[in-house]
Structure formats: structure tokens, C-alpha cells
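*Asks:* make a model of this:
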Amino acid sequence: MAGILFIISAPSGSGKSTLVSEVRKQLTGIEFSVSWTTRAPRGSEQDGREYHFTTRDEFERMRDAGEFLEYAEVFGNYYGTARRSLEAAAASGRDMLLDIDVQGAAQVRKAMPEAVSIFVLPPNPKVLRTRLRNRSRAEGHINESVLYLRLSEASNEIENYRDYGYILVNDVLDRTVAQLEAIILSERYYRCGQEIPLRATRVLEIAAACKQANSRERLQPVLEAFGIENPSGQQFLNFEEDTDDD
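*Replies:* Here you go, the predicted structure:
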């Protein structure tokens, strides 16, 4: 049986990569598709681990040859998912996890509507700003203009949450990891065509609570914080940091 395709998207700095890394440590039978990109490596990133790093010319050659399932240009750099990684996972019957942005996710959903889509949100703009600044510090530089651009783009990306089947608010890492694990396990139970064991009840409950249709109570304060669904009708994002952040 072919494996399940999981799509996970989030604004930059939402902690998505950490979530994926933790889940891969704890669950077997799931492959991670290493995307291709034209951006330079950050910090300790290694070619073939976080990304396949390539030139713009080579990326465009691959694109024109139809080697990508999806691709997008984000902040001036290309990102794409190679078809061959999904084909290899499907041939082995293993699940595949795609870490892609909202543009790429839309392309994949159109081509593979059976895919399971998961959107990860930061709890509020202040937390997102702190995470982005901490990441920049770890990389040895802080570019304020890039930082503000990513913060502004975050609200645009979050507006796409309606296109995803599951929603995670990444406020407490351990809890969010457990929720992501529950989603993967529950989808496996539902699709295996066998009787679901009683011991899986709690897993199914956790996953069900993360479905978009059941997430309104958790979502509302996040959406309001990012100015997406503000009862006052005002679109205002507070990117101010706490005074002790610097």
C-alpha cells in the first residue's frame, strides 16, 4: 500500500523544522522530503540534510525539465520538491512528510488531493519576532529589514489556514510534538482499513481536536493577534518586543 503524504506549512520562525525533527525521532515509517533551494546555507546547515543547495541556473534547468512536484520563489530564492523523493517513498510504502510553504502546498494539494495538510501557527507576533531574532543571532547577523519583511509576510501566510485540514498552535513544544504525532498516527489508523484498537482512543481524540473544524477556540486569539480576524475591524500587528529581549 502506498504511504500517506503529509504536508506541513508555517510562517518562517514558527518552529516547524524543530517539530518535524522531533517527530522523526519518535515515529518510524516516515520519510522527510529534503527540498531544493537556491538560498545559501544558514549556520550549521548541511547540503542534503536541511536542503539540497543549488544554483539558480541548475534549479531552473530542473524546473524546466519537470523534475519538481512543486516549486515557489520566496524572498528572492527558489524552493522546490523533487518528484523522485515522493516516488521512492511511495514505492516503499512509507509515509512522506513535506515541509513546504503555502504556495507549494497549494500546488501539491491540487495534484494530490488525498494529501493530509497541517498548518503550524506561532501563538502571537511577539513570540514570532523573538524566534526570528534568536535564529538570526545564532546565524551571526540580524537584518532588521528582512526581519520586518518576514513578520509582515507571516500574517499573509496565516490567512491561508482555511486551506489546511489540521491546525497546530506551537506555543508549548512538547504538546505540539504530541499533537503532530497523533495526527500522523490517526491518519494511519483511518487508512489501514483495519479495526482501530482501543488503546488508540486517546490518540484519535488529540488528532480530532486539531482538525480545523474543531480548532476555533484555540485559533481565535492567534488570528486576532495577527490582525486577521479582529472584532474591531482594525488590522493592527504588534511586533514590539519585550524590553528584556535584547
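
*Asks:* then the worst-scoring helix or strand of the chain on mean pLDDT to CSV, C-alphas only?
*Replies:* For the chain, counting by mean pLDDT, DSSP states H and E, helix 144-158 ranks last in confidence among helices and strands (a mean of 83). Provided in CSV are the C-alpha atoms of helix 144-158 (Å, rounded to 0.1, in the frame of the first residue of the first chain):
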residue,chain,number,x,y,z
GLU,A,144,16.1,44.4,10.6
SER,A,145,14.6,44.9,7.1
VAL,A,146,14.5,41.2,6.4
LEU,A,147,13.1,40.6,9.9
TYR,A,148,10.3,43.0,9.4
LEU,A,149,9.6,41.6,5.9
ARG,A,150,9.2,38.1,7.4
LEU,A,151,6.9,39.4,10.2
SER,A,152,4.7,41.2,7.7
GLU,A,153,4.5,38.2,5.4
ALA,A,154,3.5,36.0,8.3
SER,A,155,0.0,37.4,8.5
ASN,A,156,-0.4,36.9,4.8
GLU,A,157,0.6,33.3,5.1
ILE,A,158,-1.6,32.7,8.2
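
*Asks:* heads up, I number from 624, so please use that
*Replies:* Okay, using 624 as the starting number, the last item reads as helix 767-781.

*Asks:* what does that helix rub up against?
*Replies:* 632-636, 698, 724-725, 744-745, 748, 751-752, 755-756, 759, 845-846, 849-851, 860, 862 (C-beta atoms under 8 Å, 6 or more residues apart in numbering). C-beta coordinates here come from the backbone N, C-alpha and C atoms, glycine included.

*Asks:* of those, buried ones?
*Replies:* Neighbour counting with 16 or more other C-beta atoms under 10 Å marks 632-636, 724-725, 744-745, 748, 751-752, 755-756, 759, 845-846, 849-851, 860 as buried within those.

*Asks:* among those, which are in helices?
*Replies:* The members of the buried ones among the contacts of helix 767-781 that map onto helices under DSSP state H are 725, 748, 751-752, 755-756, 759, 845-846.

*Asks:* so who does G788 touch?
*Replies:* Contact analysis of G788 by C-beta under 8 Å, 6+ apart lists 739-741, 834-835.

*Asks:* for beta bridges, what are the partners of F655?
*Replies:* L720 (DSSP bridges).

*Asks:* and what of G703?
*Replies:* Where G703 sits in a bridge, its partners, by DSSP bridges, are W659, Y694.

*Asks:* so it sits against F691, correct?
*Replies:* Yes: with contact defined as C-beta atoms under 8 Å, G703 and F691 form a contacting pair (4.1 Å).

*Asks:* that older thread, by neighbours, which of the contacts of G788 wins?
*Replies:* Most neighbours among the contacts of G788, by other C-beta atoms under 10 Å: I741, with 24 neighbours.
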